[in-house]
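J.: Take this sequence and fold it.
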Amino acid sequence: MNNIFSTNTPNREIMGKAIEFNDAAHALYVRKHPGSPFITCASFSVELYIKSLSAKTYYDGRDSFGNYKDLYSKSDINGHRLTKLFEKVPENLQNGLRLCYLDSDYPSDFKSLDLVLEHIDSSFVDFRYSFEKKKYSLNMTALLKVSDIFHRYIYQLYEKLD
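T.: All right, here's what the predicted structure looks like:
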């Protein structure tokens with residue numbers, strides 16, 4: 001039996017994983033050639049930040065002491081394509097992220113969040129298996145900035161829950 005424990009936006013558990021991948025991306029970015037591990041971590045952090053905006057935490061009952069058993073979180077949004085994921089986020093949150101992007105030190109190559117999301121759209125998949133395909137170009141600084149912008153916006157939402 002799956003019972004809903006929390007419907008908070010953002011989902012704390014998924015947001016926590018996004019923060020871990022964002023932190024890992026920062027640790028890798030300072031290396032001389034950050035490469036695929038950095039791209040994978042930064043891209044996945046953006047994906048998880050997006051998924052934290054449409055997720056619930058469930059539990060499978062309670063134990064004999066009344067404690068929740070088997071807590072887990074699941075997003076209503078699936079896949080890895082960032083533009084497709086972003087389209088499924090409620091419009092008010094999309095617009096909030098767009099404003100956060102415009103208020104930030106965003107990459108000058110991309111004048112809107114939608115444009116930079118198109119640029120990094122499939123980087124999580126493309127760079128994990130880049131040895132199988134053609135060469136890809138990616139603005140790594142833009143990717144990291146987007147991850148940080150999502151972090152900032154979503155963390156502000158989380159702070160409002162308290």
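
J.: Once you drop chain neighbours, what's closest to F110?
T.: V116 (3.7 Å; C-beta to C-beta, 6 or more residues apart in numbering). Using the backbone N, CA and C atoms, a C-beta is placed for each residue, glycine as well.

J.: That neighbour is in contact with S147, isn't it?
T.: No - if you go by C-beta atoms under 8 Å, V116 and S147 don't touch, sitting 10.9 Å apart.

J.: what's the burial count for the residue nearest to F110?
T.: Residues contacting V116 under the criterion other C-beta atoms under 10 Å number 22.

J.: Show the pLDDT at it.
T.: pLDDT for V116: 96.

J.: any idea how far S112 lies from R31?
T.: With distances taken as C-beta to C-beta, to the nearest Å, S112 is found 30 Å from R31.

J.: Now the helix or strand harbouring S147 - C-alpha only, CSV.
T.: Using DSSP states H and E, S147 maps to helix 140-161. In CSV, the C-alpha atoms belonging to helix 140-161 read as follows (Å, rounded to 0.1, in the frame of the first residue of the first chain):
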residue,chain,number,x,y,z
MET,A,140,30.6,23.7,-19.7
THR,A,141,30.5,27.1,-17.9
ALA,A,142,26.9,27.5,-19.1
LEU,A,143,26.0,24.1,-17.8
LEU,A,144,27.5,24.8,-14.4
LYS,A,145,25.8,28.2,-14.2
VAL,A,146,22.4,26.6,-15.0
SER,A,147,22.9,24.0,-12.3
ASP,A,148,23.7,26.8,-9.9
ILE,A,149,20.7,28.9,-10.9
PHE,A,150,18.4,25.9,-10.4
HIS,A,151,20.0,25.2,-7.1
ARG,A,152,19.5,28.8,-6.0
TYR,A,153,15.9,29.0,-7.1
ILE,A,154,14.8,25.6,-5.7
TYR,A,155,16.7,26.1,-2.4
GLN,A,156,14.7,29.3,-2.0
LEU,A,157,11.5,27.4,-2.5
TYR,A,158,12.6,24.9,0.1
GLU,A,159,13.4,27.6,2.6
LYS,A,160,9.9,29.0,2.3
LEU,A,161,8.5,25.6,3.5
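
J.: Could I get the buried residue list for that helix?
T.: 140, 142-151, 153-154, 157-158 (16 or more other C-beta atoms under 10 Å).

J.: Just give me the closest of those residues to P107.
T.: A142 (4.0 Å; C-beta to C-beta).

J.: tally of neighbours for D76?
T.: Neighbours around D76, by other C-beta under 10 Å: 10.
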